[in-house]
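K.L.:
Quick one: sequence plus predicted model below, questions after.
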Amino acid sequence: MTPMPLIQLERVDKSYISSTLTVDVLHDLSLNIWPGEFVAIMGASGSGKSTLMNLIGCLDRPTRGRMLLEGRDLSGCDRNALAELRRHVFGFIFQQYNLLPTATAEENVEMPAMYAGLPKATRTKKAGELLASLGLEERIHHKPSQLSGGQQQRVAIARALINGGRIILADEPTGALDSRGGREILAWLHRLNGAGHTIILITHDPQVAQEAKRIVTIVDGRIQSDTGSSDDHPESAPPPVSPRTGHAMELTETVKTALHALRANLFRTILTLLGIIIGVGSVVAMLALGDGAKQEVVSRIQAMGTNLLLVRSGAPNLRGSGGSTATLTIDDADEITRLPNVKRAVPEMNGSVTLRHGSNDSQTQATATTADFPATRDWHPEQGIFFTEQDVRGFAPVAVLGQTVVQNLFPDDLQPVGQIILIKNIPFQVIGTLSAKGATPFGSDMDDVVLIPLSTGSLRLFGQRHLRTINVEVDNIAEIDATQEEITNLLTKRHQIVDFQVRNMASLLDSANETSNTMTLLLGSIAAISLLVGGIGVMNIMLVSVSERTREIGIRMAVGARSRDIMIQFLVEALVVCLLGGVLGVAGGLLTALIAMQFGIAAIFSPTPVLLAFGFAVATGLLFGFMPARKAARLDPVVALADK
Ligand code: ADP
Ligand code: MG
């Protein structure tokens, strides 16, 4: 078998082409490197040594000409194939060490093996052994900043060796070290060469170059001299370059790396998290409170009784107040009572009045009604009694007070029952107080009311016989629609005009539901917008992170990370932030709703909004993390490595 060069460069040109200018660096350069050689590539600064090393190390491609690795032409290789070669064939040692500053010595050494898909335990063991053989067993868990330059360079050597490192490319490895440290590293390169590794040492220093068995001198991108290789190349070629097919990195590994990176920049991570937490939290809280408010409205309307029909004065097309002019009469109420299926018809006459007791006064709604009021409205006295049929027939000057009125007129704990109050300057005796009802579905205070007999109110307070409403209680709910129609027919006949409206609780429920659905939608969309803003925050931070960590990306690519690995790494980082923010946001949202409940605000917890917000958070991570991740994955390894 004829011996074959390990690396062949054939008439290689390299130009850096940018939009503004083209720099031609290497010119028509041909070079063979044999297995097991120790070659120094020497030249002045700017002569193109690093450019050459990047080509040999598959970090970059020639502009013209071709490179062969064990006879295999690399011209057709895509980014992934080149990454695979870097991962399994080459080991890089840089002047500035290029270790990840946030990772320990061991983690730095493990990195190429991680991208090669080696299981965690195996590569930790391997990294430990390599570091120990380089005299760093005490420094395994130290960060680069805690190591001397020589120690850092030895970590870099271990990293170059973990996947085999058949070809070691050392670019000015001693450039940043003192002479003793430099000699140490050169001794290591000799040892590795002795063990069969091919060494390519790049230097501007003739003394360092003397270490090599062969010196190739470059001037202005051309080979000026080559001391030549010894002719006794090993007859039997070393095992062919057969990279193991790279496994995908495990997910847990990726998540750990992401958490690591997030922890390294804790303050920024917290700020980013905050955006997502607020977004998710507000979605969850708003929907819980919205649902709670809706449920409360529904239950209040139902508490008013589903067997009720409400007859109100005013034309039906006047929405809302039900008309300001009272058009119903007490006789209408009597007639309605005679209809079939009507159990009771309770008239209500309303007006605003001034109440007075001692020096306290209160502007209040007075409702004049009959003794059936408590039964029909399911609203009973808390203290004392309600007025009776006799009171109504006898024009009794008696009053029953709502709780708000009690508080306004009797602030100093005086028992109201038995007291005389003035309504429009007419004395009434308080005979009872009503239980508290709270606000109506439409927000007004139901307890701000004084109830008086219909007759008394009609004659002495309001001086008229017209009613605002008639509450009709039916016997059989199943026939409530028919009764509603009969009432409509009856009143239309009596009034000769539709100056009233008959509503049932179902229609009230409908309009209340409509209102609260609109509210929920509104609150929900405000919350969704804040989630969107959070997502934009994530994207922003991730973009900053990518440009800040360009060098890290370059290092990862140099040791063999595929574009996909980089992409996944940044996507997972965005996802982890959003998931974490999602979890904390859901917790925060639920907590907010719980606190609101302590203050008497209704809230309903259902899984849907929680899942929805959580799903949104994940989608936000993927969506807004994608662009930065792609930006990172598309970086050119050489450009990324050169980043300061
Ligand atoms: P050396 O390592 O021998 O000092 P380099 O290979 O780093 O030299 O650089 C050779 C020449 O190419 C220099 O003139 C340098 O300015 C130029 N150069 C290197 N990298 C780039 C690049 N990415 N874009 C443009 N010019 C570059
Ligand atoms: Mg250089």
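P.N.:
On my side now, so go ahead. Ligands and ions are numbered 1, 2, ... in the order given.

K.L.:
Where does residue 351 sit: helix, strand or coil?
P.N.:
strand (DSSP: H, G, I helix; E, B strand; the rest coil).

K.L.:
pretty sure it is in contact with residue 461, am I right?
P.N.:
Yes: under the contact definition of CB atoms under 8 Å, residue 351 touches residue 461, with a separation of 6.6 Å. C-beta coordinates here come from the backbone N, C-alpha and C atoms, glycine included.

K.L.:
shared neighbours of those two, anything?
P.N.:
Common contacts of residue 351 and residue 461 (CB atoms under 8 Å, 6 or more residues apart in numbering): residue 366.

K.L.:
In the stretch 151-300 of the chain, where is pLDDT below threshold?
P.N.:
230-249 (pLDDT under 70).

K.L.:
Show me the strands in it, by range?
P.N.:
167-171, 198-203, 214-219, 222-226 (DSSP state E, counting those that start in this stretch).

K.L.:
CA atoms only for the first one, dumped as PDB, please.
P.N.:
What that stands for is strand 167-171. Output in PDB follows, covering the C-alpha atoms of strand 167-171 (Å, rounded to 0.1, in the frame of the first residue of the first chain):
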ATOM      1  CA  ILE A 167      -4.400  16.200  14.300                       C
ATOM      2  CA  ILE A 168      -3.500  18.800  16.900                       C
ATOM      3  CA  LEU A 169      -3.500  22.400  15.500                       C
ATOM      4  CA  ALA A 170      -1.700  24.800  17.900                       C
ATOM      5  CA  ASP A 171      -1.900  28.500  16.900                       C
END
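
K.L.:
Residue 413: neighbour count?
P.N.:
Residue 413 has 5 neighbouring residues, counting by other CB atoms under 10 Å.

K.L.:
backbone phi and psi for residue 227, please?
P.N.:
With angles defined as degrees, to the nearest 10, residue 227 sits at phi -70, psi -10.

K.L.:
Which is the succeeding secondary structure element to the helix or strand encompassing residue 620?
P.N.:
Assigned by DSSP states H and E, residue 620 belongs to helix 607-633. The helix or strand immediately downstream of helix 607-633 is helix 637-642, counting by DSSP H and E.

K.L.:
For that following helix, what is the distance to the chain centroid?
P.N.:
The gap between where helix 637-642 is centred and where its chain is centred comes out at 32 Å by CA atoms, centre = their mean, to the nearest Å.

K.L.:
For that helix, buried residues please.
P.N.:
Within helix 637-642, the residues that count as buried by 16 or more other CB atoms under 10 Å are 637-638, 640-641.

K.L.:
just stretch 12-21 next, same as before
P.N.:
So for stretch 12-21, counting by 16+ other CB under 10 Å, buried means 12, 14.

K.L.:
can you give me the end-to-end distance of it?
P.N.:
Using CA to CA, to the nearest Å, the end-to-end distance of stretch 12-21 comes to 20 Å.

K.L.:
you'd agree residue 30 is in a strand?
P.N.:
Yes: according to three-state DSSP, residue 30 belongs to a strand.

K.L.:
gap between it and residue 105?
P.N.:
Residue 30 sits at a distance of 39 Å from residue 105 (criterion: CB to CB, to the nearest Å).

K.L.:
Pick out whichever of those two has more residues nearby.
P.N.:
More crowded of residue 30 and residue 105, by other CB under 10 Å: residue 105, with 28 against 11.

K.L.:
Tell me who's in contact with the closest residue in space to the more buried one that isn't next to it in sequence.
P.N.:
Of all residues not flanking residue 105 in the chain, residue 155 sits nearest, at 4.7 Å (CB to CB, 6 or more residues apart in numbering). When contacts are counted by CB under 8 Å, 6+ apart, residue 155 touches 97, 99, 105, 108-109, 131, 134, 136, 139, 144, 147.

K.L.:
Would you state the predicted confidence (pLDDT) at residue 35?
P.N.:
Residue 35 carries a pLDDT value of 93.

K.L.:
so it sits in a strand?
P.N.:
No: Residue 35 is assigned coil when assessed by three-state DSSP, not a strand.

K.L.:
okay, now it: neighbour count?
P.N.:
Using other CB under 10 Å, residue 35 has 20 neighbouring residues.
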